[in-house]
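Chemist: Turn this into a model:
(2 chains)
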Number of protein chains: 2
Amino acid sequence: MIKIRLRRATRADVEAIVTMLADDELGSLREGVSPVVAKCYLDAFNEIEGDTNQFLCVAEDEQRIVGTLQLTFIPGLSRNGTKRGQIEAVRIVSDRRGESLGEAMFAWAISECRSRGCSLVQLTTDKVRSDAHRFYDRLGFEPSHIGYKLKL
Amino acid sequence: MIKIRLRRATRADVEAIVTMLADDELGSLREGVSPVVAKCYLDAFNEIEGDTNQFLCVAEDEQRIVGTLQLTFIPGLSRNGTKRGQIEAVRIVSDRRGESLGEAMFAWAISECRSRGCSLVQLTTDKVRSDAHRFYDRLGFEPSHIGYKLKL
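Modeler: Numbering: from 1, shown residues only, chains lettered A, B, ... in the order given. Reported below is the predicted structural model:
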């Protein structure tokens, strides 16, 4: 029985989220973490919070933050004018992986997308993350697309 | 010399955009187009217009709309709190393909992402669109990710 609570992140959660983003084979190459949370992350948090189409989520157990993901609801004309729900920046703290917290977080995320009128949930995952591929396959996601990225 | 103008779409452009979305090997399977633009598309247009992180773009020549794409600017904590620019719903009218209009549209889109502070431009494309893959490869996009989709 997994007991986690999923809720919208607050400013006080930013340090825990950034620590999880950095504690990752790819994230460690691109995040800077310090005990005092850098202004760039707090500014970004304010932008997320000010956009009603963003939902930065944290998962917490009785003691601490154990996971995070970000949902973006994208309005568009295609698919008969329905929204897309996009999931980015999925992380689970390293000592709680393998306990199906991801399943619980995704069940919540998919349900949230449905309730916001999305006809599709989408995400991209780096080709090297083979554990993640098995996870998304198992949830019924179709690996139908190529995800292209251009660094600026 | 390609003479096109790129600008934010207005309500009056919705029919031309939806017609382009449907005139496509995949889009034809999922869009309904009628001379009177269906309410679902106009409602979606209002949502796009009300979201400052969306930029629905049309390309026009001296006579008519010849292309479209949608940009979404996604704030996030990862990558040191920088934004992602996402491109969706790219189309060029069928009789103007092969004239490098796509290059001009993407040069504009990438420049727009840069000016909005994005550190990354991203998009997904269906695995069956092999012409599109060559196009994105040529522009320097890296096919580093798998794009997973879940229909609701």
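Chemist: C-alpha only now, for contacts and for neighbours.
Modeler: Will do.
Chemist: I'd like the distance between A:Glu142 and A:Gln122.
Modeler: In this view, A:Glu142 and A:Gln122 are 9 Å apart by C-alpha to C-alpha, to the nearest Å.
Chemist: Find residues that contact each of those two.
Modeler: Both A:Glu142 and A:Gln122 are in contact with B:148-150, where contact means C-alpha atoms under 8 Å, 6 or more residues apart in numbering or on different chains.
Chemist: taking those one by one, which sit in strands?
Modeler: Mapping those onto strands (DSSP state E) picks out B:148-150.
Chemist: one step back: redo the shared contacts of A:Glu142 and A:Gln122 as JSON lines? Include pLDDT, distance to B:Tyr41 and neighbour count.
Modeler: Output for these, formatted as JSON lines (pLDDT from 0 to 100; distance: C-alpha to C-alpha, whole Å; neighbours: other C-alpha atoms under 10 Å in any protein chain shown):
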{"residue": "B:Tyr148", "pLDDT": "98", "distance to B:Tyr41": "25", "neighbour count": "22"}
{"residue": "B:Lys149", "pLDDT": "98", "distance to B:Tyr41": "22", "neighbour count": "21"}
{"residue": "B:Leu150", "pLDDT": "98", "distance to B:Tyr41": "22", "neighbour count": "18"}
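Chemist: When A:Glu142 and A:Gln122 are compared, which one has more neighbours?
Modeler: Neighbour totals were compared for A:Glu142 and A:Gln122, and A:Gln122 leads with 22 against 16 (other C-alpha atoms under 10 Å in any protein chain shown).
Chemist: show me what contacts the more buried one?
Modeler: Taking C-alpha under 8 Å, 6+ apart, we find A:Gln122 in contact with A:84-87, B:147-150.
Chemist: Adding distance to chain A, write the ones in strands among the shared contacts of A:Glu142 and A:Gln122 out as JSON lines.
Modeler: Converted to JSON lines, those look like this (distance: C-alpha to the nearest C-alpha, whole Å):
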{"residue": "B:Tyr148", "distance to chain A": "4"}
{"residue": "B:Lys149", "distance to chain A": "5"}
{"residue": "B:Leu150", "distance to chain A": "5"}
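Chemist: Spatially, and excluding backbone neighbours, which residue is closest to the most centrally placed residue in chain A.
Modeler: By C-alpha atoms, centre = their mean, chain A has its centre lying nearest to A:Leu69, at 2.0 Å. The shortest distance from A:Leu69 to any non-neighbouring residue, by C-alpha to C-alpha, 6 or more residues apart in numbering or on different chains, is to A:Val90 (4.3 Å).
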